[in-house]
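Student: Fold the following.
(one chain, ligands or ions: 1)
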Amino acid sequence: MTEPVVYRIATLPGDGIGPEVTAPTVELLRLATKTCGGFELDFITLEAGAEHYRTTGESFSDDSLEIARESDAILLGAMGLPAVRYEDGTEIAPQLELREKLELYAGVRPIRTIKGLPVPLVDPRGRELDFVLVRESTEGLFKSRNSAAVVDDRIARDTLEITRATSERLFDFAFDIARQRKAKGGTGTVTCVDKANVLGSFAFFRKIFDERAKRFPDIEAQHGYVDAVGLSMVKQPWIFDVLVTENMFGDILSDVGAGLMGGMGFAPSADIGDEHAVFQPCHGSAPDIMGQGKANPVATFLSGAMMLEWLGSEHGVEQCRLASRKIYNAVDAAFAGGTLIPYELGGDAGTSEIAEAVTAAMDRAAAA
Ligand code: ATP
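Tutor: Predicted coordinates for the structure are as follows:
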């Protein structure tokens with residue numbers, strides 16, 4: 001009998017609600033893995049974040065970074081606490097350092113509504129909300145993070161950086177996603193979101209987008225100014241297929257996308273590079289609800305599903321993809337009845353109720 005392949009998952013629960021949503025996700029991933037067979041996950045927990053910085057003076061040690069780098073994938077909860085800051089006033093954010101150090105240029109944020117939830121926007125024509133935002137995650141306006149130049153307490157400047165090398169990889173990645181979605185019925189459209197009418201950096205971004213678009217003649221390339229796209233996202237988000245944008249714009253628009261899904265607790269994400277990938281919910285550490293059992297773990301469950309999907313594609317292992325689909329199906333089944341409503345949507349389902357409902361749905365599917 002052949003031994004199942006084992007994937008090592010560096011797990012960084014982090015701060016605030018991070019550990020609260022990571023723990024049930026690890027359990028769900030274990031269950032999905034067991035149900036499918038053919039592969040195993042070996043979770044290694046690493047300390048990182050604001051609380052770790054407060055107690056050790058270090059936000060993420062070099063040794064832990066190396067373990068994460070050597071792992072097959074990284075699963076992250078949330079990091080940062082408003083009360084714990086570096087001397088320049090910025091928050092502790094090892095998740096941003098990871099994106100830069102591991103060159104995770106493509107931040108993938110799927111925006112899809114789950115049936116049975118009282119989401120804020122419903123299409124009168126019945127179209128489902130299902131699009132993907134690809135956020136560049138290593139440069140843009142975030143590039144000057146920790147290096148703002150404040151002159152004489154009078155002027156502050158941050159520099160927005162767009163490089164050809166990263167932009168080319170980013171756009172190719174976005175066109176590839178559109179191609180994969182088209183094969184499953186998507187419209188095959190990528191919209192470059194920028195502010196090319198005002199800033200030269202974005203005109204350059206758009207120029208590179210147009211150049212790369214020529215390599216994907218089967219995909220339609222469109223442009224949208226960020227303000228107009230923001231308007232459309234709350235007016236008619238059904239028109240979108242794949243959006244690709246700069247780091248800061250992506251940061252803002254992905255929270256708008258989370259709102260469309262029902263709240264931050266539903267929004268998963270993957271930060272993907274050519275060699276590594278980090279999977280984490282879009283939300284932060286939510287200190288306002290930490291320790292209360294109110295955090296919605298669905299965003300982290302779905303990030304775990306994205307991790308399995310990515311491992312499956314990277315290694316050509318169908319059981320990983322199957323385990324991923326089982327998580328998506330279990331989440332959909334848990335909410336389908338319309339009675340499981342998380343706190344963030346005005347209901348009374350907390351972390352454990354939601355985790356139990358999703359686990360039960362997975363058990364039911366396995367028994368069927
Ligand atoms: P960051 O800048 O670190 O991404 P943020 O400032 O966007 O963080 P969050 O920590 O994401 O802030 O919280 C924004 C709001 O969403 C808060 O009111 C928080 O309680 C809520 N929230 C975030 N995550 C969840 C969750 N999993 N379940 C329920 N509510 C959440």
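
Student: Okay, helices next: where are they in the stretch 201-350 of the chain?
Tutor: Using DSSP state H, counting those that start in this stretch, the helices of the stretch 201-350 of the chain run over 226-235, 247-261, 298-315, 318-336.

Student: closest one to Leu76 among the ones you listed?
Tutor: helix 298-315 (8.3 Å; CB to CB). C-beta here means a position set from N, CA and C on the backbone, and glycine is covered the same way.

Student: between the closest one and helix 318-336, what angle do the directions make?
Tutor: Between helix 298-315 and helix 318-336, the angle comes out at 160 degrees (axes from the mean of the first three to the mean of the last three CA atoms, to 10 degrees).

Student: average pLDDT across helix 298-315?
Tutor: In this model, helix 298-315 has a mean pLDDT of 97.

Student: and it, how far from the chain's centre?
Tutor: 10 Å (CA atoms, centre = their mean, to the nearest Å).

Student: which secondary structure elements does that helix contact?
Tutor: strand 5-14, helix 18-36, strand 73-78, strand 106-112, strand 268-272, strand 277-281, helix 318-336, helix 351-367 (3 or more CB pairs under 8 Å, 6 or more residues apart in numbering; DSSP states H and E).

Student: Buried ones in stretch 130-150, by neighbour count?
Tutor: The neighbour-count check on stretch 130-150 (16 or more other CB atoms under 10 Å) flags 130-143 as buried.

Student: Compare the helices and strands packed on helix 298-315 and report which one is nearest to Gly250.
Tutor: Comparing the helices and strands packed on helix 298-315 by CB to CB, strand 106-112 comes nearest, at 6.0 Å.

Student: can I assume Ile219 is in contact with Thr187?
Tutor: No: with contact defined as CB atoms under 8 Å, Ile219 does not reach Thr187; the gap is 9.4 Å.

Student: Identify the residues contacting Pro287.
Tutor: For Pro287, the contacting residues are 15-16, 81-82, by CB atoms under 8 Å, 6 or more residues apart in numbering.

Student: Just the buried residues of those residues.
Tutor: Buried among these (16+ other CB under 10 Å): 15-16, 81.

Student: Looking at those, which is nearest Leu340?
Tutor: Gly16 (23.3 Å).

Student: Regarding the closest one, what is its secondary structure?
Tutor: Recorded secondary structure, Gly16: coil (DSSP: H, G, I helix; E, B strand; the rest coil).

Student: give the contact list for it.
Tutor: Contacts of Gly16 (CB under 8 Å, 6+ apart): 78, 80-81, 284-287, 290.

Student: sorry, back to before: how about the contacts of Pro287 in a markdown table, adding distance to the ligand and pLDDT?
Tutor: What follows is the contacts of Pro287, written out as a markdown table (distance: CB to the nearest ligand atom, whole Å; pLDDT from 0 to 100):
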| residue | distance to the ligand | pLDDT |
| --- | --- | --- |
| Asp15 | 9 | 97 |
| Gly16 | 7 | 97 |
| Leu81 | 9 | 95 |
| Pro82 | 9 | 93 |
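
Student: Save those as CSV, and put in distance to Ala93 too.
Tutor: Supplementary listing: the contacts of Pro287 in CSV, determined by distance: CB to CB, whole Å:
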residue, distance to Ala93
Asp15, 10
Gly16, 13
Leu81, 11
Pro82, 12
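
Student: Out of the helices and strands packed on helix 298-315, which gets nearest to Gly230?
Tutor: Of the helices and strands packed on helix 298-315, nearest to Gly230 by CB to CB is strand 106-112, at 13.5 Å.

Student: which helices and strands does that closest one pack with?
Tutor: strand 130-136, helix 164-183, helix 247-261, strand 268-272, helix 298-315.

Student: if you skip the residues just before and after it, what's nearest to the residue in the chain that the ligand sits nearest to?
Tutor: Of the residues in the chain, the one nearest the ligand is Gly284, at a distance of 2.2 Å by CB to the nearest ligand atom. Closest residue to Gly284 apart from its sequence neighbours, by CB to CB, 6 or more residues apart in numbering: Ala78 at 5.3 Å.

Student: Which pLDDT value goes with the one you found?
Tutor: pLDDT, read off for Ala78, is 97.

Student: Would you confirm that it contacts Gln280?
Tutor: Yes: judged on CB under 8 Å, Ala78 makes contact with Gln280 at a distance of 7.1 Å.

Student: More neighbours: these two, which one.
Tutor: For Ala78 versus Gln280, neighbours defined as other CB atoms under 10 Å are more numerous around Ala78 (31 against 28).

Student: so who does the more buried one touch?
Tutor: Applying CB under 8 Å, 6+ apart to Ala78 gives the contacts 14-18, 21, 280-281, 283-286.

Student: Met362 now?
Tutor: Met362 touches 28, 31-32, 35, 326-327, 329-330, counting by CB under 8 Å, 6+ apart.

Student: Next, count neighbours for the nearest residue to His283 once chain neighbours are set aside.
Tutor: Nearest in space to His283, with sequence neighbours left out and distances taken as CB to CB, 6+ apart, is Met264 at 3.7 Å. If you count neighbours by other CB under 10 Å, Met264 ends up with 21.

Student: Can you tell me how far Met264 is from Glu70?
Tutor: 31 Å (CB to CB, to the nearest Å).

Student: May I ask you to confirm that Tyr105 is in contact with Glu168?
Tutor: No: if you go by CB under 8 Å, Tyr105 and Glu168 don't touch, sitting 10.0 Å apart.

Student: between the two, who's got more neighbours?
Tutor: Neighbours were counted for Tyr105 and for Glu168 using other CB under 10 Å; Tyr105 has more, 25 against 15.

Student: wait, what's in contact with the more buried one?
Tutor: 136-138, 166, 169-170, 173, 272-273.

Student: If I look at it, what pLDDT would I see?
Tutor: 95.
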